[in-house]
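Undergrad: missing the sequence, but the structure's below:
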Ligand SMILES: NC(=O)c1ccc[n+]([C@@H]2O[C@H](COP(=O)([O-])OP(=O)(O)OC[C@H]3O[C@@H](n4cnc5c(N)ncnc54)[C@H](O)[C@@H]3O)[C@@H](O)[C@H]2O)c1
Ligand SMILES: N[C@H](C(=O)O)[C@H](O)COP(=O)(O)O
């Protein structure tokens, strides 16, 4: 029997909750349910320290330069050890420059491994965008870095939960720049990629998409702005001419009420907080961030580094487990 390729879990910021979420899930047996082998890409000593948060003295075994095994009680995890941070200097909740370089290295290694077909996909734990930039890795987030490394011009950030799925036309961009950057081609691409992914990766035969406006009351016939008429409506019209079941531009304030009741398979949002506020309101615990349009599978937790919880063991593993589950389902 051919061995299944592993799913890679990048550890994220060593000073954040990523390491302890992985260990917490391991100790609770939450990783036992997956058919695919899981491999953590990170720092073995930092993971070993995270085990202490749960009163577990983890053992490390080194097999080669990068290949290690971490054992906590009855359970083990393979670790690709890419950094040798001094774990005593990695203070919980205090990201430092060496962590910035390390968290970028974990992502780079994982994406390269996926691209050459040696891994089935990657699941990412949270990084600190400011610190990776200070470390010289000039990307606003995983999404943009992965798009570049995969040679794809347009990808779509989707956050998904049982009740609601949102995909974003613009992602990590200041609000004052949104209107300047919005254009019909990108709105259309976002609608198209969302539609294709819902069909091919989520198994929805004829996805129903709601496309939002950017201004209050969908611009109120031009009184509060003209992006709806000028940019968004033409994109919807074109999408419909391609057979995509898209409607709008809808007023954002009311649409989510209907979307959360199941009237739409996904909502195409014009900017980050427009989509992520309702999503996290409904699905903070178990939402998944998935990058659509990549040639590889990438899912992520829907939360950040949670520095206020790092080292307490209190962070919830549900989003991590949901992200691994979604990635595994996408491999089928
Ligand atoms: N996937 C990612 O890489 C990702 C996503 C969002 C934010 N970030 C980064 O995280 C850093 C902190 O961002 P933030 O403070 O806006 O958001 P955050 O998600 O880290 O924290 C917001 C609040 O949610 C709580 N929280 C977060 N995760 C939790 C969990 N698993 N269980 C229980 N409570 C949890 C935190 O304790 C905090 O009170 C920033 O540097 C940001 O760039 C990364
Ligand atoms: N925008 C996401 C959120 O707020 O949850 C998050 O920053 C993750 O983005 P990347 O997956 O691009 O790192």
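TA: Arrived safely, thanks for sending. Just so we're clear, the structure is a prediction, and the values are computed from it rather than from any experiment. Numbers count the residues shown, from 1 in each chain. Ligands and ions are numbered 1, 2, ... in the order given.
Undergrad: For the protein, identify the residue most remote from the centre.
TA: Here the centre of the chain is the reference, and by Cα atoms, centre = their mean the most remote residue is residue 223, at 36.4 Å.
Undergrad: so who does it touch?
TA: Residue 223 sits next to no residue when contact means Cβ atoms under 8 Å, 6 or more residues apart in numbering. (Glycine included, C-beta is placed from N, CA and C.)
Undergrad: Please tell me how far it sits from ligand 2.
TA: Applying Cβ to the nearest ligand atom, to the nearest Å, the value for residue 223 to ligand 2 is 31 Å.
Undergrad: Would you indicate which residues of stretch 32-48 are buried?
TA: 36, 38, 39, 40, 41, 42, 43, 44, 45, 46, 47, 48 (16 or more other Cβ atoms under 10 Å).
Undergrad: give me the element residue 109 is part of.
TA: Element membership of residue 109 [criterion: DSSP states H and E] is helix 97-115.
Undergrad: Tell me how many other residues surround residue 52.
TA: Number of residues near residue 52 (other Cβ atoms under 10 Å) recorded here: 15.
Undergrad: Model confidence for it, exactly?
TA: Listed pLDDT for residue 52 reads 96.
Undergrad: Pull the contacting residues for whichever residue of the stretch 51-200 of the chain sits closest to ligand 2.
TA: Closest approach between the stretch 51-200 of the chain and ligand 2, counting by Cβ to the nearest ligand atom: residue 141, at 2.7 Å. Residue 141 makes contact with 127, 129, 171, 172, according to Cβ under 8 Å, 6+ apart.
Undergrad: Verify the contact between the last one and residue 144 for me.
TA: Same thing as residue 172. Yes - the criterion here is Cβ atoms under 8 Å, and residue 172 meets it with residue 144 at 7.1 Å.
Undergrad: Using ChimeraX, define a selection of the buried residues within the contacts of residue 141.
TA: This is the ChimeraX syntax for the buried subset of these, where burial follows 16+ other Cβ under 10 Å:
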select :127,129,171
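Undergrad: In helices, which of the contacts of residue 141 fall?
TA: residue 129 (DSSP state H).
Undergrad: biggest separation within the contacts of residue 141, which pair?
TA: The most widely separated members of the contacts of residue 141 are 127 and 171, with 14.4 Å between them, by Cβ to Cβ.
Undergrad: can you give me the strands for the chain?
TA: Secondary structure of the chain (DSSP state E): strands located at 7-10, 38-42, 59-62, 67-72, 75-81, 121-124, 156-160, 165-168, 208-212, 245-250, 266-269, 288-292, 298-301.
Undergrad: Mind putting these into TSV with distance to ligand 2 and mean pLDDT?
TA: What follows is those, written out as TSV (distance: least, Cβ to the nearest ligand atom, whole Å; pLDDT from 0 to 100):
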stretch	distance to ligand 2	mean pLDDT
strand 7-10	11	98
strand 38-42	15	98
strand 59-62	28	96
strand 67-72	25	96
strand 75-81	20	97
strand 121-124	7	98
strand 156-160	6	97
strand 165-168	8	98
strand 208-212	17	98
strand 245-250	22	98
strand 266-269	12	98
strand 288-292	5	98
strand 298-301	5	98
